[in-house]
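Undergrad: based on what follows, work out the 3D shape:
(chains A and B)
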Amino acid sequence: MKDALQNLKVLELGGYAAGPCIGKYLANFGAQVVHLESQDRPDGFRLQYPPYRNGKVGLNLSGCFAFFNDSKYGVTLNIKHPDGLALAYRLVDWADVVIENMRPGVVARLGLGYQTLRERKSSLVMLSTSNMGQTGPYARHPGFGTQLSSLCGFTHFIGEPDGPPQFIYGPYVDFIAVAFGGAAILAALDHQRRTNKSVYIDLSQYEAGLQFLGSALLDYSGNGVVEDRAGNRDPAAAPHGCYPCRNGHWCVISCWDDEEWTKFCHAAGQPSWLSDERFHSLSQRKQHETSLNKLIGDWTRDMDAHAVMALLQNRGIHAAAVNTMRDLFSDPQIASRRIFQEMEHPEMGLHHYRMVSYQLDETPGGIRRPAPCLGEHNSFVFQSLLGLPPEEFQRLQEQGVFS
Amino acid sequence: MLLTPYRVLDLTGPLGFSCGKILGDLGADVIKVEPPTGDPSRSTPPLLRPARGEPQSLHWLAFNANKRGITLDLENPAGQNLLVRLVKGADFLLESFPPGSLNERGLGYAQLKHRNPRLIWVSITPYGQDGPYQNFSGSDLEIMALGGAMSLAGEKDGEPMRVTVPQAPMWVGAEAAMGALTALAYRSLMNTGQHVDVSAQAAVMAALAHAPAFWDLNRTNPERAGIFLTGRSVTGAKMRMFWPCQDGWINFCLYGGAAGRHANRQLVAWMDETNSAPEWLKQVNWDNFDATAVTQDEVDAFEAPIGRFLSALTKQEFYEGAVKREILGYPVHTIKDIYGDPHLAARNFWTEMEDPSSGVRMKYPGGFALINNERLRVARPAPSVGQHNEEVYSKELGLSASEMQQLRAAGAV
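TA: Numbers count the residues shown, from 1 in each chain, chains lettered A, B, ... in the order given. Reported below is the predicted structural model:
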């Protein structure tokens, strides 16, 4: 058995989510990924955000950092030291692809911009990902992904029409850019393999995020309609909502045609809903959706959310329990796909990482190793992968090059 | 273009459209295959309502751009033979049928892979090909619920919320594209295709960021918090994110870290220019501001004058000011605001095209990245029903006029 990306070598400059998470996806299928930090400027996820193991803040105790950096090697270099920069260039020579997500202009200032690196390596593939892209009047704004989801329109689309927009958890748009960036890198590597040509990818997270709103964009462009948030409603289905269940849990139910609605009323033991003239057709159910939702909520209120799902799904009706983070760890489907995989981390002990959503039957991916401690693989990467002699490594270490 | 040599057969329904769209944006020749009567999801709302012609699904139009379109009846033996011929010349096949249903028709991966061992077969389903939920129904709502995303959005004591514009098809399509191209990398090494099984439930978990780690490490269960940002401070303080302004909403939040401290200092300076910064706020030494240790009382004190200041601004004033002053925050854009964004215009983001069925001209979102400073092209609008039958079947597959006639008569195309 081989790995799909066994020959791929990746160098990451940057931190947080958007760049490193791409490297994680590649590493899960066998790519060798080196995450470059420095002691002065560790990845911001190491210290700036909880959770930490047992609530204790520490460079190597961050669950946030760990979640996006499993299966990689971690190295530190002081690239302000000339020998540190020289080693960074050797990492570039080693790598097939360089991923960076610093603020536009920063890698160039550090001597690691695309133009410089391409002169060293004519077939370089490099991806720069940033909030707004590398060019344009607002390119250098140092924004965060948690707020870019508002510029991108997502938070406008969560909540009730007469209420405020609602927060969308985490840097939502960063992860959209991860999937697009990963696809672009793999396509660029294939192109490079065939043509030996360098490819530079300028990925604006804003522009990647907008791809996820394609239908709403065309609704405005084609119809002049500015779509608004609509709670949990959908124009093509009724019911289509979220309902309270026992013990503070919730379930969702949707019916997409009259046949499914009929099956639902029977499954729920509520034949009287079928004869209620407010609910005869989809358009009538849409018109009386608030009353409909109240009736359904009264039916689900004392039931177990998973029991609602099983009862309805076994009869071919759309329904699901609303999983919280805790519930995901006991969801049988998630378990059967081995999405959470456990690793022993040197400082955090046993904990779980998230495997990606795609399974390849010939080359199964997986979590390969825990997230690296800061500088954990300096010796392995610089001596074993780059071939630095031990005495040279020792000398550079004493000069603080690996700090 | 990056994927120019490759051909993709796209047999997906709405859950899988965006995978082929992404491969098409990257330059692959993507052929959308639909039944002779047209894909039923062409009429799923929200709809384009043109002056002439039938209403059309906006999701269909948006995510079948950059594809050619042919018709093929998979229930018909002649149609099935035709699919086999197409499979022989394809590099990827994308499908989103319920698990097992293509096998029942003799058209599953196991049955067709010997026809083209290099074929990469991508299956996109709500929960995956195997497992206890494999036969469960799943629209966006159920997938977003089971993937955990809904539990994190909405008011604290209110119902969990989905994003109004369906996101599960987007997540699974994008991750499927990555899976497909991972398989392509392997094919270039070993000259063999494989089966890529993608679960939408698992794909939307990418949107959870690191939220599962809170439960995993410390057994705290992250909760939705409406308009507030939580989980940042060890004191449990919550920071407000959404502020009403003159013409809508602004997203601003007190952050720590170097960027946050700089942003907070800049905001107070901006407030001071309009005489809306109280004296005590001007005296705050932001270098000592630690968002991980701040208390709710301190947050509340900061937020009162900030909220008053933001309420007097328009969204665009805040946007321009935030960019100029390096303040962290953005307006809550509506779709109309997005079309008006000067930054997107400067990057030539939009692509204007005419829909072939209705003649309506629309500005489509452009390709998702710039490759060597050139934007990936969205070169063709979504096809009308059977628009490229002649081109694909006659010119490229080499079917004669009489063969085409027979296929049409048999209802196969």
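
Undergrad: any stretches of the chain with poor pLDDT?
TA: I'll assume chain A. Within chain A, the stretches with pLDDT under 70 are A:1.

Undergrad: chain B is the one I meant
TA: For chain B (pLDDT under 70), the answer is none.

Undergrad: tell me the residue furthest from the middle of it?
TA: Taking C-alpha atoms, centre = their mean, the residue of chain B most remote from its mean C-alpha position is B:Glu279, at 46.0 Å.

Undergrad: against B:Asp300, how distant is that one?
TA: B:Glu279 sits 18 Å away from B:Asp300, going by C-beta to C-beta, to the nearest Å. Heads up, the C-betas are built off the backbone N, CA and C, glycines and all.

Undergrad: strands of the stretch 251-400 of chain A, start to end?
TA: According to DSSP state E, counting those that start in this stretch, the stretch 251-400 of chain A carries its strands in the segments A:318-321, A:340-345, A:349-354, A:358-360.

Undergrad: point out the most buried one among these.
TA: Among the strands of the stretch 251-400 of chain A, judged by mean count of other C-beta atoms under 10 Å in any protein chain shown, the one packed with the most neighbours on average is strand A:318-321 (a mean of 27).

Undergrad: residue 24: how many residues sit nearby?
TA: Went with chain A since none was named. By other C-beta atoms under 10 Å in any protein chain shown, the residues close to A:Lys24 number 27.

Undergrad: that's the wrong chain, I wanted chain B
TA: Under the neighbour criterion other C-beta under 10 Å, B:Gly24 is assigned a count of 29.

Undergrad: what about the strands in the stretch 1-150 of chain A?
TA: With DSSP E, counting those that start in this stretch as the criterion, the stretch 1-150 of chain A has strands spanning A:9-13, A:32-37, A:73-76, A:97-100, A:125-130.

Undergrad: A:Phe67 - how many residues pack around it?
TA: Taking other C-beta under 10 Å as the definition, A:Phe67 ends up with a neighbour count of 27.

Undergrad: cool, B:Ala258 as well?
TA: A count of nearby residues for B:Ala258, using other C-beta under 10 Å, gives 12.

Undergrad: report the buried residues of the helix or strand where it lies.
TA: Secondary-structure element containing B:Ala258, defined by DSSP states H and E: helix B:257-273. Using 16 or more other C-beta atoms under 10 Å in any protein chain shown as the burial criterion, the residues of helix B:257-273 that qualify are B:257, B:259-268, B:270-271.

Undergrad: which residue would be the closest one in the stretch 201-350 of chain B to chain A?
TA: Closest to chain A within the stretch 201-350 of chain B is B:Ala209: 2.7 Å, counting by C-beta to the nearest C-beta.

Undergrad: in contact with that residue: list those residues for me.
TA: Listed by C-beta atoms under 8 Å, 6 or more residues apart in numbering or on different chains, the contact set of B:Ala209 reads A:17, A:67, A:169-172, A:174-175.

Undergrad: restricted to strands, list those residues.
TA: Taking DSSP state E, every one of the contacts of B:Ala209 sits outside strands.

Undergrad: check these against A:Glu391 and report the nearest one.
TA: Distances from the contacts of B:Ala209 to A:Glu391 were compared by C-beta to C-beta; the smallest belongs to A:Phe67, at 37.9 Å.

Undergrad: skipping its backbone neighbours, what lies nearest that closest one in space?
TA: B:His210 (4.2 Å; C-beta to C-beta, 6 or more residues apart in numbering or on different chains).

Undergrad: please look at that neighbour and A:Cys64 and confirm they touch.
TA: Yes - contact between B:His210 and A:Cys64 holds when scored by C-beta atoms under 8 Å: they sit 4.4 Å apart.

Undergrad: let me have the strands of the stretch 251-400 of chain A in CSV, adding distance to chain B as columns.
TA: Listed next are those as CSV, based on distance: least, C-beta to the nearest C-beta, whole Å:
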stretch, distance to chain B
strand A:318-321, 4
strand A:340-345, 7
strand A:349-354, 5
strand A:358-360, 3
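
Undergrad: tally of neighbours for the residue nearest to A:Phe67?
TA: Under the criterion other C-beta under 10 Å, the count of neighbours that B:His210 has is 27.

Undergrad: residue with max distance from the center of chain A?
TA: Relative to the C-alpha centroid of chain A, counting by C-alpha atoms, centre = their mean, A:Ser275 is the outermost residue, at 46.0 Å.

Undergrad: how about stretch B:240-255: buried residues?
TA: Residues of stretch B:240-255 classed as buried by neighbour count (16+ other C-beta under 10 Å): B:240-243, B:245, B:248-255.

Undergrad: near chain A, which of these show up?
TA: Filtering the buried residues of stretch B:240-255 for proximity to chain A by C-beta under 8 Å from any C-beta of the partner chain leaves B:241-242, B:249, B:251-253, B:255.

Undergrad: can you pick out the most distant pair from the residues you listed?
TA: Among these, the pair separated by the greatest distance (C-beta to C-beta) is B:Trp249 and B:Tyr255, at 18.3 Å.

Undergrad: for the buried residues of stretch B:240-255, which one is nearest B:Leu376?
TA: The shortest separation between B:Leu376 and any of these is 28.4 Å, and it belongs to B:Asn251 (by C-beta to C-beta).

Undergrad: that closest one contacts B:Met239, correct?
TA: No - contact between B:Asn251 and B:Met239 fails when scored by C-beta under 8 Å: they sit 11.3 Å apart.
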